[in-house]
Every structure is written in C-alpha cells, then in structure tokens.
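Undergrad: can you look at this prediction? I've put the sequence above it.
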Amino acid sequence: MKKIRLLILSIMMLISSAWTATHVKADIGNISVTPIINDSDVTDRFQIVAQPNKVYQMRLSLTNFSDMSTRVRVRPTNASTTSQGGITYQKVVNSGDNDLRYAFKDMTASKVVKLGANKTKEVAFDVHMPARSFKGLMLGGFYIYDLNTPNAPGLKVPVWITEDNKPVGGVLVLNGVTPEAVNHKPFINVNLSNNQPGLMKNVTVHMSLKRRGLLELFGMGFKPVTADQVYKQIAPNSNIPIAFDQQSLPVKPGIYQATGTARSGKTHWKFSGSYRITQKQANAVNRASRGLNPDKTVMYLMIVLGLLLLIGFVFGGLWSQSRKQKQQQQEQSNPPRS
C-alpha cells in the first residue's frame with residue numbers, strides 16, 4: 001500500500017512539473033530557458049520586493065535539444081518599447097537613458113554558457129541592489145541569444161524589481177526625430193520618452209511629421225505624413241518610437257517638425273518640436289538600406305530650370321537679333337546727310 005501511494009505521489013509530481021514547464025519555458029531554435037522560481041504564483045518572470053544594498057540570486061535552467069553543442073549569451077538589460085507597442089529586451093540600455101536611474105546590466109554580469117548536445121545547465125546570477133533607494137518599477141530582464149546567430153530573435157526572462165510596491169504613473173515627452181534602418185528599409189522615428197519608472201498601458205498616440213525646406217514650400221519634396229498607434233505597454237524609462245516608413249525613398253537631411261497628441265485614460269499630452277537630421281545620419285541610414293528609389297525631384301527641377309534657361313537664351317537671342325535688324329532698317333531708311 002505504501003508503494004502504491006509513493007507511485008501515485010510521483011506521478012502527481014511529474015504532472016505538476018510538466019504543467020509548470022509549459023507555462024514558463026521559452027524556445028529559440030533548439031534552446032529553451034526556464035526561470036527557477038520558488039514560493040510564487042507567477043512563474044514566467046522574477047519578481048522582487050527588494051531592499052537597498054542587498055544581493056539576490058536568480059537561477060535559469062538552459063536546455064539544448066540539439067545533437068550539437070552550442071554557446072549562448074545571457075545578457076542583463078532593461079526593457080525597451082517597440083514601435084509596434086510591445087516590450088522587448090533585445091537592446092542594450094544604460095543608466096541615464098530616458099532618465100533611468102539604475103541599469104540592470106550594472107547590477108549583475110553577462111555570462112556565456114556552453115551547452116552540450118541534449119544537455120541542461122543551471123546558471124546562477126547574483127543581482128546587487130543599488131545602495132540608495134529608488135521609487136517605482138525597475139523592469140529589467142535577461143536576454144538570451146545563440147552566439148552562432150546573434151542577430152536572430154532571442155529569449156527573454158523579465159525581472160520586476162520594486163522597493164515599495166507602489167505604482168508610479170508614466171509621463172510622456174517629445175524626445176527628438178531620428179532616422180533608422182529596419183530590415184534594410186529607411187524609417188524616420190519621432191521619439192517620445194517615458195521618463196518615469198512606471199509601466200504604462202493602452203496609450204494612443206497621434207503624430208504628424210513634415211520637413212521644412214524650399215521644395216516643401218512649393219508642395220514638393222518630403223510629403224507630410226501622419227501616424228496613429230496604440231501601445232499596449234510602454235516600459236518604464238524607455239524610448240517610444242513612432243515609425244514613419246520612407247517607402248524606399250532615401251532619408252533627406254534637414255529640419256523636421258513633429259506635432260502630436262497622446263492619451264492614456266483621462267491623461268492627455270500634446271507635443272510639438274523641430275529637430276535636425278544631419279547629412280551624416282541620413283547617409284548612414286541610406287547606406288544601410290537596400291533597394292532605394294532615388295528621389296528625382298531635384299533632377300526634374302534642374303531639367304526644367306535648364307529648359308527655361310535655354311528657352312530664355314533662345315528668346316533673348318531672337319529679340320536681340322530682331323532689335324539689330326530694326327536698327328539696320330532704320331539706318332537704311334534714314335541715310336546720313338553729307
């Protein structure tokens with residue numbers, strides 16, 4: 001009877017562990033990562049109500065299901081906000097970015113882990129809390145990627161850290177206009193910034209962008225564009241890009257003016273500002289882009305100007321020749337007296 005009870009208990013433990021793994025395991029290629037979490041109902045991320053100057057250990061279980069060994073990097077970073085309104089851990093975030101007080105990458109070290117074929121390895125990280133207290137939510141995380149394919153999408157394990165467990169509201173400010181090449185295509189981003197340590201949800205943004213230049217005064221050159229985007233989540237202390245696709249046209253340097261609004265619940269913001277895209281920035285994005293369609297507006301204007309000048313020279317020559325002929329006729333009809 002005792003053996004039967006032990007058998008039933010073992011089966012129940014196996015079912016329980018399998019159920020937990022399906023909820024916390026993330027996969028990339030043949031690699032999976034599982035945060036090892038005890039005494040918590042939340043199993044897909046680490047959550048810490050921290051104390052200043054204390055060290056907390058976090059453990060990850062990495063599994064390689066491939067028949068070949070591989071190496072992965074586990075990199076600590078902070079959450080960023082994507083132009084599609086989601087949260088990513090792929091970018092490197094430094095302290096001071098968007099008024100971020102402490103960067104998670106400064107609180108623990110990055111590690112390279114070698115995984116044997118069909119092997120599992122547990123990796124521990126000592127996370128050192130800052131000596132001084134901080135308010136709000138620090139949304140850190142571990143980003144895991146295969147060193148053989150570093151540009152491919154990786155895995156993430158979020159780390160939510162707070163000291164007082166009190167929510168802080170986000171604040172949006174206009175933070176510049178920058179060009180960017182995404183998947184070898186040119187974009188111009190109007191950047192907002194959440195400069196507070198608070199996670200924002202369901203933010204609706206309306207933004208307009210135009211270029212100030214001579215061609216634009218005559219309705220040519222860069223055409224004014226607008227964008228409406230809903231951000232399901234905005235990470236604390238993060239940049240929020242509103243992306244404008246250049247439709248395979250090269251980025252032009254010059255002064256760009258951005259105006260827009262945003263709202264979250266009953267809170268509203270208005271934005272307006274002018275920013276310069278330098279020739280260096282434009283060249284870097286255009287070189288990184290593929291299949292660009294050259295903007296021929298200036299070329300067409302030069303052709304039209306050339307034709308106008310040519311017509312002007314022709315009419316000027318004809319007018320000059322006609323004037324000379326009239327003078328000659330007047331001289332012939334009125335010969336000088338002797």
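TA: Now that the structure is in, tell me what you want to look at. Note that the structure is a prediction, hence the values are computed from the model and not measured.

Undergrad: just to be sure, residue 250 is in a strand?
TA: No. Under DSSP: H, G, I helix; E, B strand; the rest coil, residue 250 sits outside any strand and is assigned coil.

Undergrad: ignoring the adjacent residues along the chain, who's closest to it?
TA: residue 286 (4.7 Å; CB to CB, 6 or more residues apart in numbering). All C-beta atoms are positioned from the backbone trio N, CA, C, and that covers glycine.

Undergrad: OK, contacts around the closest residue to residue 36 other than its chain neighbours?
TA: Closest residue to residue 36 apart from its sequence neighbours, by CB to CB, 6+ apart: residue 59 at 4.2 Å. Counting by CB atoms under 8 Å, 6 or more residues apart in numbering, residue 59 makes contact with 35, 36, 122, 123, 124, 125.

Undergrad: give me the helices and strands touching the helix or strand the third one falls within, please.
TA: Residue 122 is part of strand 119-128, with elements assigned from DSSP states H and E. Under the contact criterion of 3 or more CB pairs under 8 Å, 6 or more residues apart in numbering; DSSP states H and E, the helices and strands touching strand 119-128 comprise strand 55-64, strand 70-78, strand 111-115.

Undergrad: mark which of the contacts of residue 59 are buried, thanks.
TA: Among the contacts of residue 59, those buried by neighbour count (16 or more other CB atoms under 10 Å) are 35, 123, 125.

Undergrad: just checking, the second one touches residue 60?
TA: Yes. With contacts defined as CB atoms under 8 Å, residue 123 counts as touching residue 60 at a distance of 5.1 Å.

Undergrad: list the residues that contact both of those two?
TA: With CB under 8 Å, 6+ apart, residue 123 and residue 60 have common neighbours residue 74.

Undergrad: please tell me how far residue 239 sits from residue 100.
TA: 10 Å (CB to CB, to the nearest Å).

Undergrad: looking at these two, which is more packed in?
TA: residue 239 (21 against 18; other CB atoms under 10 Å).

Undergrad: can you verify my assumption that that one contacts residue 81?
TA: Yes. Here residue 239 reaches residue 81: they are 6.7 Å apart, a contact under CB under 8 Å.

Undergrad: now the terminal residues of stretch 92-107, how far apart.
TA: Stretch 92-107 has an end-to-end distance of 14 Å (CA to CA, to the nearest Å).

Undergrad: cool, stretch 74-85 as well?
TA: Terminal-residue distance, stretch 74-85 (CA to CA): 25 Å.

Undergrad: which residue is the nearest non-sequential neighbour of the spatially most central residue of the chain?
TA: By CA atoms, centre = their mean, the chain has its centre lying nearest to residue 82, at 5.1 Å. Spatially, and ignoring its direct neighbours in sequence, residue 82 is nearest to residue 88 (5.3 Å; CB to CB, 6+ apart).

Undergrad: in the sheet, who's paired with the one you found?
TA: Beta bridges link residue 88 to residue 80 when assigned by DSSP bridges.

Undergrad: that one: neighbour count?
TA: Residues near residue 88, counting by other CB under 10 Å, number 18.

Undergrad: residues in contact with it?
TA: 79, 80, 81, 82, 156.

Undergrad: now for the residues you listed, which pair is the farthest apart?
TA: The largest separation in the contacts of residue 88, counting by CB to CB, is between 81 and 156 at 13.9 Å.

Undergrad: okay, those two: which has more neighbours?
TA: Between residue 81 and residue 156, counted using other CB under 10 Å, the more crowded position is residue 81 (26 against 22).

Undergrad: hang on, isn't residue 117 packed against residue 64?
TA: Yes. With contact defined as CB under 8 Å, residue 117 reaches residue 64; the gap is 6.5 Å.

Undergrad: and the strands in the stretch 101-250 of the chain?
TA: Ranges of strands in the stretch 101-250 of the chain, per DSSP state E, counting those that start in this stretch, are 111-115, 119-128, 137-146, 155-162, 172-182, 185-194, 200-212, 225-234, 238-245.
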